[in-house]
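Participant: Let's see this in three dimensions:
(6 chains)
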Protein chains: 4
Amino acid sequence: MAKQEIREPKQKRSIEKKQSIIMASYKLFCDKGYYKTNTAEIAQEAGVSTGIVYNYFQDKKDILLEVIKFYISILSEQFQPLLSAPITKSNLPTRIEQFIDISIASHTMHVEAHNEFLALSLLEEDILILFNDFENTVLMIFYELLLTAGFSRRNLLEKIRISYGLVEQVCHYYIQRKLSQEELNTSKLLAIHTIVTLLEK
Amino acid sequence: MAKQEIREPKQKRSIEKKQSIIMASYKLFCDKGYYKTNTAEIAQEAGVSTGIVYNYFQDKKDILLEVIKFYISILSEQFQPLLSAPITKSNLPTRIEQFIDISIASHTMHVEAHNEFLALSLLEEDILILFNDFENTVLMIFYELLLTAGFSRRNLLEKIRISYGLVEQVCHYYIQRKLSQEELNTSKLLAIHTIVTLLEK
Amino acid sequence: MAKQEIREPKQKRSIEKKQSIIMASYKLFCDKGYYKTNTAEIAQEAGVSTGIVYNYFQDKKDILLEVIKFYISILSEQFQPLLSAPITKSNLPTRIEQFIDISIASHTMHVEAHNEFLALSLLEEDILILFNDFENTVLMIFYELLLTAGFSRRNLLEKIRISYGLVEQVCHYYIQRKLSQEELNTSKLLAIHTIVTLLEK
Amino acid sequence: MAKQEIREPKQKRSIEKKQSIIMASYKLFCDKGYYKTNTAEIAQEAGVSTGIVYNYFQDKKDILLEVIKFYISILSEQFQPLLSAPITKSNLPTRIEQFIDISIASHTMHVEAHNEFLALSLLEEDILILFNDFENTVLMIFYELLLTAGFSRRNLLEKIRISYGLVEQVCHYYIQRKLSQEELNTSKLLAIHTIVTLLEK
DNA sequence: TATGAATGAGAGTTCATTCAT
DNA sequence: AATGAATGAACTCTCATTCAT
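Facilitator: Next comes the predicted model:
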């Protein structure tokens, strides 16, 4: 029962085609959702035939995984500047604010993607793993940055987790409940203050 | 294209039948997920015919909505004791700990339900509304309790939202990442301390 | 991953419908061959919808197995008179001739079925088993009949197998090569004489 | 609707390429069966591109025909020594035994091929013709050998056909039913004796 | 000659919903 | 009110064959 071999495209044109299928899928998954998008639509949106999709991907689920990897790579890029800047005790509040701003920006830019893929991560184990890996990477970088900044190692990981979760919640509220800019600012200030207090404790 | 009228069952036997369909669906949605459960299975699990399901429910989605209402009613019941007990400045940490414990207990008891329905709430607008309504109700009760306890009205709602989110995050981490009991205790203590600080600020 | 339950139809109408699907498939498999018949055609020929087929059968292969059981039951019926008549040393040639005549008659009546199903038995293990079971049953009955007739037990089973194969070959030649009636008669006489000699040896 | 012309390869490299496609197909048809082998696999196994296959063969069926011709050429080779040795009344039993032994050897060596191609010959008319031609050739050679050996012309062809079929049956049983060596020997002796009797009659 | 990416019709199967009884 | 057989559109995936390069 030999599985058909999946071409890992080496040539430029092939890579472009695989990428175009990913982009088309990304768009459709955001617009209509993964379950409500069928493979024919993906092919059409990508401007290819239905058959060729299966030259590049094992099955529909495989497409989803690649789309999510692509999405995570976008997130990664957006956080990059923040993650490579040093943290000090004095610039901590600014850094937290930047983190919140970037989170909100990235969620807002891809609000449908965020919802859809978060939902799928709850429904499918292997998608959860991709997101967890990304999250862990980010958390570990903050861990190192905060150690370097002179914060105590004691319970630091737990503190970061809680802080991270807190930021996620602020973003989630803002986007889902459509908070006003003013409410957002209030929440931001509260969150920043809370996190600073927590980390310095 | 007049939609077939859905009877709102008045007689005892009918009510029981509708309820049994909801219970069967709840079980199956938790076990296999909404998308992977078909109506024939629901009918079989409920011990009724496939046709009769459509006497009580508009369509499959309608069943889901009722199942979620049922799930929320369970949550509601579990939080009831906490929501009817008064909060004072001195018992606040205890109350927060109780809140966390109840949250974890209810998520753990229905861990599949929690994941499945949270995911669906991100995929379907009308499910989100149900959960938001529940959350708002809970938040408002805490708002009143905290006002009565003498906490300042200033930014109180935002503070509660953030606190609520923080608890959700701790639970989510505990369940998804399978934290050890020890890690959980650390996180709990940190969370309680953070929330107390935040509210008293 | 619960397989959909296959209804074993108890009610008269259901049994009739299952039978009609088998008959339609039998016809199509003989006319066009199993691989070249699709499920839509089967449904159409049976006068049902495509979906209902899967209420009665696990999958396409399952239909094939039932069709072959049906075919074997026909064969069984045709050999019945011969298999229930006693054999004596003196009527042995007549019995062998009857056996050849019935074999030819049944192969001729269902020449397409015979070829198609024999071919499939070589391609699919579980089909081979069905045919082997039938063949073994027939051989064992002859074994008993010949013992009763007073033939020696020594190598009797091997002798019967060879005789059976010999008859099959005569039929096969007659049908495939379109022997003339005269050639058939010659072959028949030779086969009868050979078998009698073999058994009496 | 002019069919694309199929080159009959004259150059050495082309002939080798065509042959390698045939060999690859032979291997795959034996391993997986004709229907379960696709042209991409054939090309890969042969180390050529999928497109080039259609320069040498009309279509997939055409490959099959060539593969069967190749298979028959192997059979032919294996029977060659026997078919060129003279038969006498006294060495007849030995010759028959050799015939059985070669048959079993060739079927055993290519047991998958034998089953697969026999099946296909029942499903496809033009394949049957190829096998019949081979069989007829073999039978005619025996006919001549036996005439030379002094056997009567009367019904000789029918006798040979029956004998040939009998040998096929013994081999078939041995391979399909996995007879023991002992059972095989018994059957062989019985078959030889039967055929000798038949021919001498 | 040769490549292998691309095509697209067609396969088997599922399932929410309907309807004759 | 209840049944469960029946519907048929829609789904994912395969593969013999073609064609631009």
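Participant: And chain A, split by domain according to the record?
Facilitator: Segmentation of chain A into domains, based on automatic domain parsing, reads A:8-57, A:65-200.
Participant: With mean pLDDT as extra columns, can I get the ones you listed in JSON lines?
Facilitator: Written out in JSON lines, the entries for those read as follows (pLDDT from 0 to 100):
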{"stretch": "domain A:8-57", "mean pLDDT": "91"}
{"stretch": "domain A:65-200", "mean pLDDT": "92"}
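Participant: Go through those and name the closest to chain D.
Facilitator: Closest to chain D of the domains of chain A is domain A:8-57 (CB to the nearest CB; 10.2 Å). In short, each C-beta sits where N, CA and C put it, glycine included.
Participant: when you scan the closest one, is anything in it near chain D?
Facilitator: No - judged by CB under 8 Å from any CB of the partner chain, domain A:8-57 stays clear of chain D, getting no closer than 10.2 Å.
Participant: Relative to the whole chain's centre, how far out is that domain?
Facilitator: Put simply, domain A:8-57 sits 20 Å off its chain's centre (CA atoms, centre = their mean, to the nearest Å).
Participant: Which residues outside whichever strand or helix holds residue A:74 are in contact with it?
Facilitator: Secondary-structure assignment from DSSP states H and E places residue A:74 in helix A:60-84. Contacts of helix A:60-84 from elsewhere in the structure, counted by CB atoms under 8 Å, 6 or more residues apart in numbering or on different chains, are A:6, A:21-23, A:25-26, A:29, A:34, A:39, A:42, A:53, A:57, A:95, A:98-99, A:102, A:105-106, A:110, A:113, A:117, A:120, A:124, A:126-127, A:130-131, A:134, A:138, A:141-142, A:145.
Participant: Just the buried ones from these?
Facilitator: Among those, those classed as buried by 16 or more other CB atoms under 10 Å in any protein chain shown are A:21-22, A:25-26, A:29, A:34, A:39, A:42, A:53, A:57, A:95, A:99, A:102, A:106, A:110, A:113, A:117, A:120, A:124, A:127, A:130-131, A:134, A:138, A:142, A:145.
Participant: Just the ones of the residues you listed in helices?
Facilitator: Residues from the buried ones among the contacts of helix A:60-84 lying in helices, with DSSP state H as the criterion: A:21-22, A:25-26, A:29, A:39, A:42, A:53, A:95, A:99, A:102, A:106, A:113, A:117, A:120, A:127, A:130-131, A:134, A:138, A:142, A:145.
Participant: Could I get the contacting residues of the closest residue to residue A:53 other than its chain neighbours?
Facilitator: By the measure of CB to CB, 6 or more residues apart in numbering or on different chains, the closest residue to residue A:53 outside its immediate chain neighbours is residue A:43, 5.4 Å from it. Taking CB under 8 Å, 6+ apart as the contact definition, residue A:43 lies against A:21, A:49-50, A:52-53.
Participant: repeat for residue A:197
Facilitator: Neighbouring residues of residue A:197 by CB under 8 Å, 6+ apart: B:194, B:197.
Participant: SS state for it?
Facilitator: Under DSSP: H, G, I helix; E, B strand; the rest coil, residue A:197 falls in the helix class.
Participant: Show residues contacting stretch A:139-152.
Facilitator: If you take CB under 8 Å, 6+ apart as the criterion, stretch A:139-152 is touched by A:83, A:86-89, A:92, A:153, A:156-157, A:160-161, A:164, A:199-200.
Participant: mind checking which helix or strand the closest residue to DNA strand E within chain A is in?
Facilitator: Closest approach between chain A and DNA strand E, counting by CB to the nearest atom of the strand: residue A:51, at 1.4 Å. In this structure, residue A:51 sits in helix A:50-56 according to DSSP H and E.
Participant: name the helices or strands packed onto that helix?
Facilitator: Based on contacts counted as 3 or more CB pairs under 8 Å, 6 or more residues apart in numbering or on different chains; DSSP states H and E, the elements that helix A:50-56 packs against are helix A:12-32, helix A:39-46.
Participant: near DNA strand E, anything from the first one?
Facilitator: Yes - shown here: helix A:12-32 in contact with DNA strand E (CB under 7 Å from any atom of the strand) through A:13-14, A:17.
Participant: Mind listing residues that contact that helix?
Facilitator: A:7, A:9, A:37, A:41-43, A:45-48, A:52-53, A:56-57, A:63-64, A:66-67, A:70-71, A:110, A:112-113, A:116-117.
Participant: who's in contact with residue A:200?
Facilitator: With contacts taken as CB under 8 Å, 6+ apart, residue A:200 has the following neighbours: A:89, A:151.
Participant: and the gap between it and residue D:115?
Facilitator: Between residue A:200 and residue D:115 the distance is 79 Å, computed by CB to CB, to the nearest Å.
Participant: again, but for residue A:81
Facilitator: With distances defined as CB to CB, the gap from residue A:81 to residue D:115 amounts to 67 Å.
Participant: before we move on, what about residue A:31?
Facilitator: For residue A:31, the distance to residue D:115 (CB to CB) stands at 52 Å.
Participant: out of those two, which sits in the more crowded spot?
Facilitator: Remark: of residue A:31 and residue D:115, residue D:115 carries more neighbours, 21 against 13, as counted by other CB atoms under 10 Å in any protein chain shown.
Participant: so what's the residue nearest to that one when sequence neighbours are not counted up against?
Facilitator: Ranked by CB to CB, 6+ apart and with sequence neighbours excluded, the top spatial neighbour of residue D:115 is residue C:122, at 4.7 Å. Listed by CB under 8 Å, 6+ apart, the contact set of residue C:122 reads C:128, D:115-116, D:118-119, D:122.
Participant: Put the buried members of the contacts of helix A:12-32 into a ChimeraX selection.
Facilitator: Applying 16+ other CB under 10 Å to the contacts of helix A:12-32, the buried members can be selected in ChimeraX as follows:
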select /A:37,41,42,43,45,46,48,53,56,57,63,64,66,67,71,110,113,116,117
